[in-house]
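> Below is the sequence, then the predicted model.
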Amino acid sequence: EHPKVKCVFQSNKGLNRTNNIALNMARGEYIMRLDADDVLDINALAIMNNYLLRHPEVQLVFPDYYVTDKNGDVVDIVRRNKFEELTIYDHPAHGACTLVNRECLLDIGGYDEDFRCQDGWDFWIKFIRKYNVANINLPLFYYRQHGTNLTRDESRLIETRQKILSKHSEGAKRQLRTTAIIPVRG
């Protein structure tokens with residue numbers, strides 16, 4: 001019943017189609033996808049929003065995160081600050097709990113509805129070609145893993161990732177290796 005909250009009830013249209021529906025309905029400056037089985041830290045939005053306000057050159061910010069089991073118990077912490085060891089092409093932001101400038105996301109065409117999973121990979125490749133991104137080296141959400149996660153089907157994920165990568169040319173891959181990423185210490 002909050003005037004700024006709009007609820008949409010629909011049949012399952014797939015993750016990327018649903019992401020685009022939300023993107024096109026949103027009216028705020030930033031957008032974040034939060035999956036039903038994930039939980040934000042109480043300070044996550046404030047920390048990420050404040051970072052974006054202090055760094056106007058950055059259009060997307062993402063945190064580290066906790067991995068929890070089906071009961072919500074923390075089993076791991078995923079730290080995303082070792083970009084000097086990897087190319088940013090190899091290490092995209094998590095699809096959920098990433099705060100992104102809505103206009104920039106619209107500018108890159110939103111989410112590719114040809115892909116049924118791995119929404120973060122295609123979005124990441126398109127986004128970092130044009131915009132700066134930053135990692136906040138604090139775990140600010142709880143990513144729950146259980147037997148029914150989409151991310152448990154590794155063969156499906158690998159197949160989709162291959163399709164996404166083949167969609168992007170070699171020239172784009174070289175360009176991605178030169179895009180700036182700014183790790184932030186918590």
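Alright, I've got the coordinates.

> mind listing the helices for the protein?
15-25, 44-54, 102-107, 119-130, 154-167, 170-176 (DSSP state H).

> Select from those helices the stretch with the lowest mean pLDDT.
The weakest mean pLDDT among the helices of the chain belongs to helix 170-176, with a mean of 51.

> could you say what helices and strands the longest strand seen in the chain packs with?
Using DSSP state E, we find that the single longest strand of the chain is strand 132-144. Packing partners of strand 132-144 (3 or more Cβ pairs under 8 Å, 6 or more residues apart in numbering; DSSP states H and E): strand 38-40, helix 44-54, strand 58-68, strand 74-78, strand 181-185. Where C-beta positions appear, they are placed from N, C-alpha and C, glycine not excepted.

> Give the partner strands of it in its sheet and their orientations.
strand 38-40 (antiparallel), strand 58-68 (parallel), strand 181-185 (parallel) (DSSP bridges).

> Pick the most buried one from those strands.
Of all these, strand 58-68 carries the top mean neighbour count, a mean of 22, counting by mean count of other Cβ atoms under 10 Å.

> State the mean pLDDT of that strand.
On average, the pLDDT along strand 58-68 is 93.

> Any chance you could give me it in PDB, C-alpha atoms only?
In PDB, the C-alpha atoms belonging to strand 58-68 read as follows (Å, rounded to 0.1, in the frame of the first residue of the first chain):
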ATOM      1  CA  VAL A  58      30.600   5.200 -11.600                       C
ATOM      2  CA  GLN A  59      27.200   3.900 -12.900                       C
ATOM      3  CA  LEU A  60      27.100   0.500 -11.300                       C
ATOM      4  CA  VAL A  61      28.200  -0.700  -7.900                       C
ATOM      5  CA  PHE A  62      28.100  -4.200  -6.500                       C
ATOM      6  CA  PRO A  63      29.100  -5.700  -3.100                       C
ATOM      7  CA  ASP A  64      30.800  -8.800  -1.800                       C
ATOM      8  CA  TYR A  65      28.300 -11.300  -0.400                       C
ATOM      9  CA  TYR A  66      27.600 -14.100   2.000                       C
ATOM     10  CA  VAL A  67      26.600 -17.500   0.700                       C
ATOM     11  CA  THR A  68      24.000 -19.200   2.900                       C
END
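
> Other residues contacting it?
Contact partners of strand 58-68, identified using Cβ atoms under 8 Å, 6 or more residues apart in numbering, comprise 44, 47-48, 51-52, 74-81, 93-94, 97-101, 104, 127, 131-145, 182, 186.

> Kindly recompute the last result at 6 Å.
Here strand 58-68 makes contact (Cβ atoms under 6 Å, 6 or more residues apart in numbering) with 48, 51-52, 74-80, 93, 98-101, 104, 131-145.

> relative orientation of it and strand 74-78 in degrees?
150 degrees (axes from the mean of the first three to the mean of the last three Cα atoms, to 10 degrees).
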